[in-house]
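Student: need a 3D model of the following:
(chains A, B and C)
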Amino acid sequence: MKLLLLDGHSLAYRAFFALPAENFSTSTGQHTNAVYGFTSMLINVLRDEAPTHVGVAFDVSRRTFRAAEYPEYKAGRSATPTEFSGQIPLLHEVLDALRIKHVGIEGYEADDVIATLTHRAVEQGHEVVICTGDRDAFQLVSDKVTLLYPVRGVSEVWRMDPAAVAEKYLVPPERYSDLAALVGESSDNLPGVPGVGPKTAAKWLGQYGDLAGIVAHVDEIKGKAGENLRAHLDGVLRNRRLNRLVNDLDLPLGIDDLQRASWDREEVHRVFDGLEFRVLRDRLFATFDVEADEVEGGFELEGEIVHADGLPLRFGDGAHGRQVPHGVVVTGHYRGGSGDAGAVAFAGADGVTGYVDLTTLTPEQDEVLASWLADPTAPKVLHDAKEQLQALSTRGLPLAGITSDTALAAYLVRPDQRSYDLEDLVVRHLGRELKAQEAAGDQGMLDFAPDDDTSEREAMVRARAVLELSEVLGERLEETGGTDLLRDLELPLVDILARMERTGIAVDEDALTALEADFAAKMRQAQLDAYEAIGRSDVNLGSPKQLQEVLFEQLGMPKTKRTKTGYTTDADALADLFAKTEHPFLEALLRHRDTSRLRVTVEGLIKSVALDRRIHTTYIQTIAATGRLSSTDPNLQNVPIRTVEGRRIRDVFVVGEGYESLMSADYSQIEMRIMAHLSGDEGLIEAFRTGEDLHRFVGARVFGVEPEDVTAAMRSKVKAMSYGLAYGLSAFGLSKQLNISTGEAQGLMDEYFSRFGGVRDYLREVVVEARATGYTATMLGRRRYLPDLVSDNRQRREGAERMALNAPIQGSAADIIKLAMKGVDAALRSEGMASRILLQVHDELVLEVAPGEREALEALVRREMGAAVAMDVPLDVSVGVGRSWHDAAH
DNA sequence: ATACAAACGTA
DNA sequence: CGTACGTTTGTATG
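Tutor: Numbers count the residues shown, from 1 in each chain, chains lettered A, B, ... in the order given. Just a heads-up that it's a prediction; the model follows:
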């Protein structure tokens, strides 16, 4: 057991002076700096100390027994500012919401309360941590009692144990009050002995043991200091009476009452909303949503197991209740276009849990299960539904009625996490472990033999956990405005993506093989040329380390930009070196890089061709913090297009049998259009409405010429800048990219912003808003939390600012194409067309055109993509058709 | 065997 | 000192 005691008054008072009031006020003008500082410190201490019990002590008034004995006590302090005292009730509200007890006793100070509680806790053998800005509390420090003393405002604390006190004040903690009595305490208006500081006082205490010893030998002390001591002895003894903390107060609560309780979530929201503590609230929830040491217990499994050879399986009017929400877990696997499902575990809100082995079902059971799985009105909750949906589909079992996916829900709540493991989420949000509840006795337990049940029990536990988790995440989602996004966007997308994955895209395998051979030959030639150029062949051209040896030592070339381990050999740097030295090795090396990369890309594609001669990528819906999809195994979102040789790879992605052609439809300049819409900049909006070439239009404004007089050089500069803006590009970065001086780049940006002031204002406002709320939001309300916006670390802070600039733009584009996919898919179905979506590449959809549908499909795609969302600028869609992905480009 | 850095492909 | 990804290779660690 560990007790944490805080001095509410002294800590809040510290914060009041440490934090600038103008940064910590609500929109109604209420100052909150003291509350903020205290709460922030409280969160940190709770996190770092992980106490089991917590209490906060307050001063009630200045009329204390000390002031009664010594009227000058704490006199000379300026009156407490009303801006501070007005925050004390707010502080009480925060503590109440957090269910942390606070107490103040008339006539005594907060420290007396702390001393009393400490005394009792230590008597009971507990560990105590005290957090206060009042030095009198040093006397309480012992091997069981640690004191956290804030320094530098409230940003840091000193951890004072007996050794630390002794080191700092040269006396052990139990002598600290004697020392303070001798030296005096100016903040309490207690004068000490003139000319006696901590060193002299410590020396005396060392010599005579304690203050009583000094008093007993007061006549032996020599010198001026001794004289002063004798002259001020009464004052010293009075100081000692006053700084002795009272440790036997009669308190209205005991140690047990301070046990930590889970806080009142709704009240926390209400109070923190009122104080406009958005970032702090998120920090609170992020830190403490579930305490690690609260994790205990598992999931109860009840009801009957349904074996294929056993009981009749019923969902519906029977025991399970067809409309009751069920957690569902499908065991099995799926990747690259094939897989299998082994079993379905389910856990209903009615308490029934079950497990069905798909391999041993009777036809009757199969019928019941299939009809329930496919029933859109039978609500089901899964974790990462897509793969399980795919596994079921291999057995011809459609799955419908998914009302939540806990991985997607968790992603929408906090989109920047590396993974959304069910196990982690259960610990984090439910405070339990992903295991079966060890129930007392066998009541209610499933009648498994203990050795054959593990995978079955595990699946049922997961099903039960998913169901419970979905409720908690549903609340979190509601709090963060993500409910609609889940239901109307991400969930409907699951099925669309699943079908795209299953469909895959056809490739010309012979062409692919030929391409590999061609790239391999070119790569070998480049290698030979490179070796010849340096007169050796013992270098691995793929090793940056060995290349550095050749470039900078053997050939003595100028050093390039540093990396963590040496000097970069990236393509940019090699091109620079080639411009300087014209060494043939560099040309051959670059050629080798290019061709070997292409060869490897092709090789990877060959490996991933499935038996149906198609490539089936996997889309991940919960990776990109901005809301984009990602593609893996293989990644079909980074197939080369920029170079002629690279484009040859696109030419092997072809229309499949039974279809007429491939269609590629993409949004042109969608991010700039979103920028125009979100910023409301009239110039940029006009640019898109006139239909003129964007960069020509912008270039004309920036350079002050007629659009027809915009040169290619002007256009490319403006293009780089426009796109850079959405990434938080600096003048320095722009200058590097365009190979111009920083001054020129800055001038370009200034000119841009003076012509498109709305863009400048928008970008500025995005960061300000995100700093205040703690998150950015896309057009559909998809949030990205960026706590580093208030980091003390400049690099982290500026990095977060760039993310804040980019997230709403990239994220809104992601929202839009997801809406478009829904629209296109729905229209294809409602019009009974056979054409289908194959790929999504962020702003592009690749479709397979069924015979005779080309024209209708183009109209449908233009309509649905163009109308995905209403904006102040048109959404321009460009469409191309051809036998291959390359030919469909436009 | 696993983890990381460097490099490079896409939007 | 430009955002968001995934993959491969080499290298350093265990």
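Student: so residue A:748 makes contact with residue A:735?
Tutor: No. Using CB atoms under 8 Å as the test, residue A:748 is too far from residue A:735 to be in contact (9.1 Å). Quick note: C-beta positions are derived from backbone N, CA and C, even for glycine.
Student: compare the two (neighbour count), which wins?
Tutor: Per other CB atoms under 10 Å, whichever of residue A:748 and residue A:735 has more neighbours is residue A:748, with 22 against 18.
Student: and the helix or strand harbouring that one, anywhere near DNA strand C?
Tutor: Secondary structure assignment for residue A:748, by DSSP states H and E: helix A:742-755. No. Taking CB under 7 Å from any atom of the strand as the criterion, helix A:742-755 and DNA strand C are apart, separated by no less than 8.6 Å.
Student: just after that helix, pick out the following helix or strand.
Tutor: helix A:757-773.
Student: which neighbouring elements make contact with that following helix?
Tutor: Based on contacts counted as 3 or more CB pairs under 8 Å, 6 or more residues apart in numbering; DSSP states H and E, the elements that helix A:757-773 packs against are helix A:278-288, helix A:670-679, helix A:682-690, helix A:742-755, strand A:775-777, helix A:794-830.
Student: give me the pLDDT for residue A:235.
Tutor: Reported pLDDT at residue A:235 in the predicted model: 76.
Student: does it touch residue A:191 like I think?
Tutor: Yes. Using CB under 8 Å, residue A:235 is in contact with residue A:191, at 6.2 Å.
Student: can you report how many residues lie near residue A:200?
Tutor: Neighbour tally, residue A:200, other CB under 10 Å: 20.
Student: burial check on the closest residue to residue A:643 other than its chain neighbours, number of neighbours?
Tutor: Excluding the flanking residues, the one nearest residue A:643 by CB to CB, 6 or more residues apart in numbering is residue A:594, at 7.4 Å. Residue A:594: 19 surrounding residues under other CB under 10 Å.
Student: can you tell me how far residue A:594 is from residue A:600?
Tutor: Separation of residue A:594 from residue A:600 (CB to CB, to the nearest Å): 11 Å.
Student: could you do residue A:836 as well?
Tutor: Residue A:836 is 30 Å from residue A:600, by CB to CB.
Student: looking at these two, which one has more neighbours?
Tutor: Counted by other CB under 10 Å, residue A:836 and residue A:600 do not tie: residue A:836 has more neighbours, with 18 against 15.
Student: now do the contacts for the more buried one.
Tutor: A:499, A:500, A:503, A:828, A:847, A:848, A:850 (CB atoms under 8 Å, 6 or more residues apart in numbering).
Student: now for the fifth one, how many residues are close by?
Tutor: Here the count is done by other CB under 10 Å, and residue A:847 has 26 residues near it.
Student: so the residue lying closest to it once chain neighbours are set aside bridges to which residues?
Tutor: Computed as CB to CB, 6+ apart, the closest residue to residue A:847 that is not its neighbour in sequence is residue A:663, at 4.5 Å. Note on residue A:663: beta-bridge partners by DSSP bridges are residue A:847, residue A:881.
Student: ok, residue A:663 - contacts?
Tutor: A:835, A:846-849, A:854, A:857-858, A:861, A:879-881, A:888.
Student: mind doing that once more with 10 Å?
Tutor: Residue A:663 is in contact with A:655, A:835, A:837-838, A:845-849, A:853-854, A:857-858, A:861, A:879-882, A:885, A:888, counting by CB atoms under 10 Å, 6 or more residues apart in numbering.
Student: what about those residues, which are in helices?
Tutor: Using DSSP state H, the subset of those located in helices is A:854, A:857, A:858, A:861, A:885, A:888.
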